[in-house]
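Visitor: I would like to see how this sequence folds:
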Amino acid sequence: QGQEANAVQPSPPSCSLLTAGRCFAGTQNVSSLQKDEAWKVNVRIHGCDIEQGYLCGTMEALNVPLADTPVVTFWEGEIVDAKNYTFFTGKWEASAEDDVRHWSKFPSFTPLLSQIEADGGKSVDLSNYPYIFMRWKEQYFVNVGV
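Guide: This is a model prediction of the structure:
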């Protein structure tokens, strides 16, 4: 008695790191059959909806071979929150094994691995986890022609 039949999941905490206008710098590791490269990149967040697990932005790659100027792409992303998105992609031809292999490259994922393998991460509580996991998918070039 006194309890609702369908308890509402608490809202994810706000995150000032993912607000529109925030910029980050780093590298994007690119592997091909010929060689592995690390491109310097600048990322800008253009939008973020924590409730829906969505974010978008642009990424500027600075030292792309054969490009005279930086290459800018628009991307959309999913925030892994076990509510909207799990660690399993479920699209883009990514298998569960591919996803585990990818996420396992990050030391911050290791403590979650057994729970992810047990139930796909549906019961993992990331609301207070000190890391944010996201997957980004580049949608189109902003400054490059056909």
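Visitor: what's the average pLDDT for the helix or strand harbouring Trp75?
Guide: Per DSSP states H and E: Trp75 is located in strand 71-80. Average pLDDT, strand 71-80: 95.
Visitor: how about that strand: buried residues?
Guide: Under the neighbour-count criterion of 16 or more other C-beta atoms under 10 Å, strand 71-80 has 71, 73, 75, 77-80 buried. (C-beta placed from N, C-alpha, C; glycine too.)
Visitor: now swap in stretch 18-29 and tell me
Guide: Leu18.
Visitor: quote the end-to-end distance of that stretch.
Guide: 22 Å (C-alpha to C-alpha, to the nearest Å).
Visitor: then stretch 78-85?
Guide: By C-alpha to C-alpha, one end of stretch 78-85 lies 7 Å from the other end.
Visitor: could you do stretch 88-101 as well?
Guide: 11 Å.
Visitor: how far away from the center of its chain is it?
Guide: Put simply, stretch 88-101 sits 13 Å off its chain's centre (C-alpha atoms, centre = their mean, to the nearest Å).
Visitor: send the alpha carbons of the longest strand along the chain over as PDB?
Guide: Criterion DSSP state E: the longest strand present in the chain is strand 36-49. Provided in PDB are the C-alpha atoms of strand 36-49 (Å, rounded to 0.1, in the frame of the first residue of the first chain):
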ATOM      1  CA  ASP A  36      47.100   3.500 -38.100                       C
ATOM      2  CA  GLU A  37      46.800   7.200 -37.600                       C
ATOM      3  CA  ALA A  38      45.800   9.600 -34.800                       C
ATOM      4  CA  TRP A  39      44.100  12.800 -36.000                       C
ATOM      5  CA  LYS A  40      44.000  15.800 -33.800                       C
ATOM      6  CA  VAL A  41      40.400  16.900 -33.300                       C
ATOM      7  CA  ASN A  42      38.300  19.700 -31.800                       C
ATOM      8  CA  VAL A  43      34.800  18.800 -30.700                       C
ATOM      9  CA  ARG A  44      32.000  21.200 -30.000                       C
ATOM     10  CA  ILE A  45      28.700  20.200 -28.400                       C
ATOM     11  CA  HIS A  46      25.700  21.900 -30.200                       C
ATOM     12  CA  GLY A  47      22.900  20.200 -28.400                       C
ATOM     13  CA  CYS A  48      22.200  17.800 -25.500                       C
ATOM     14  CA  ASP A  49      19.100  16.200 -24.100                       C
END
